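A.B. asks: The amino acid sequence is not available; the structure is as follows:
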């Protein structure tokens, strides 16, 4: 799978993870470079638009994403 198109501008990694580069790297490999269809942020982005992605939504928080999407 190709790199997620949102990775270069994903505020999660540039706002929430800037002080945790090792953890950010692990999460980027899993959710951004491997399968962005598993990323909760990406799912909300695709379903509801970028303005509806909460800043506190972690990529692995699928339950929260499902609540938001309905």
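C.D. replies: Alright, I've got the coordinates. Everything numeric here is computed off the predicted structure, so don't read it as measured data.

A.B. asks: In the chain, what helix or strand scores lowest on average pLDDT?
C.D. replies: When the helices and strands of the chain are compared on mean pLDDT, DSSP states H and E, helix 11 comes out lowest with a mean of 81.

A.B. asks: Touching that one from outside, list them.
C.D. replies: Helix 11 is contacted from outside by residue 55, using C-beta atoms under 8 Å, 6 or more residues apart in numbering. Glycine gets a C-beta too; all of them are placed from N, C-alpha and C.

A.B. asks: Likewise for stretch 30-40?
C.D. replies: When contacts are taken as C-beta under 8 Å, 6+ apart, the neighbours of stretch 30-40 outside the stretch itself are 1, 3-4, 6-7, 10, 41-43, 57-62, 64-65.

A.B. asks: The same query, at a cut-off of 6 Å, please.
C.D. replies: By C-beta atoms under 6 Å, 6 or more residues apart in numbering, the list of residues contacting stretch 30-40 from outside reads 1, 3, 4, 7, 42, 57, 59, 61, 62, 65.

A.B. asks: follow-up on the earlier one: what's the first helix or strand after the least confident helix or strand of the chain?
C.D. replies: Stepping forward along the backbone from helix 11, the first helix or strand reached (DSSP states H and E) is helix 21-27.

A.B. asks: What's the first helix or strand after that following helix?
C.D. replies: helix 40-48.
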